[in-house]
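> Fold the following.
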Amino acid sequence: MAIEKQTGASIRFAADRMLGRLVKWLRVLGYDVVYGQHLTGYGLIRTARRENRIILTRDRRLKNKQPPEFILIASDRYLNQLSQVVQTYPVAKDKLFTRCLECNAVLEPRPKESVKDLVPPYVYSTQERFSWCPRCRRVYWPATHQQHMLEELEKAGILPS
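Residues are numbered from 1 along each chain as shown. From the prediction side, this is the model:
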């Protein structure tokens, strides 16, 4: 069963449990990626079919189980894995930092005043833009860690400088 070629923000992945670090970085790039201990073997295939997702796996035996479209991840290094995925499904730069790294929900903007009691005082006094996850309630803000992530992605050739 082939999945219609997806592009940009419509790309949705289901990643097996061996790819946790790749999942985090795909979410940084704005990709919709489901991930968890239940996503292995037939559970991974069922989820991908039900939700029209492309499977990301390191399991070479998966192809024997008649899966929907999948990418067999070749490397055990996360930056190489990330490069492999974005070569097939290019990054939509306007989607960077739009998903919760923990639960995959789309982040929502929050007024600064609404996060005063949720972030450290220094962060509150030095940052102006905040977003939060409506599912797990984590608060995010652009700071040096975000800049370091972008630099790492550029250095690896995943994002153009």
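> Identify all contacting residues around the helix or strand of the chain with the lowest mean pLDDT.
For the chain, using mean pLDDT, DSSP states H and E, the weakest element among its helices and strands is helix 41-51, scoring a mean of 90. Contact with helix 41-51 is made by 1, 12, 14, 16, 34, 38-39, 53-55, 57, 59, 62, 65-68, 70, as judged by C-beta atoms under 8 Å, 6 or more residues apart in numbering. In this view, the C-beta of every residue, glycine as well, is placed from N, C-alpha and C.
> Check stretch 20-30 too.
Stretch 20-30 has contacts (C-beta under 8 Å, 6+ apart) with 9, 13, 15, 33, 35, 56, 73, 78-79, 81-82, 85-86, 91-92, 94-101, 104, 149, 153, 158.
> Show only the entries of those found in strands.
Assigned to strands by DSSP state E, the following of those qualify: Phe13, Ala15, Val33, Tyr35, Leu56.
> would you list those in JSON lines and tack on distance to Val139, neighbour count and pLDDT?
As requested, those are arranged in JSON lines below (distance: C-beta to C-beta, whole Å; neighbours: other C-beta atoms under 10 Å; pLDDT from 0 to 100):
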{"residue": "Phe13", "distance to Val139": "25", "neighbour count": "26", "pLDDT": "97"}
{"residue": "Ala15", "distance to Val139": "25", "neighbour count": "28", "pLDDT": "95"}
{"residue": "Val33", "distance to Val139": "21", "neighbour count": "24", "pLDDT": "97"}
{"residue": "Tyr35", "distance to Val139": "22", "neighbour count": "22", "pLDDT": "94"}
{"residue": "Leu56", "distance to Val139": "28", "neighbour count": "27", "pLDDT": "96"}
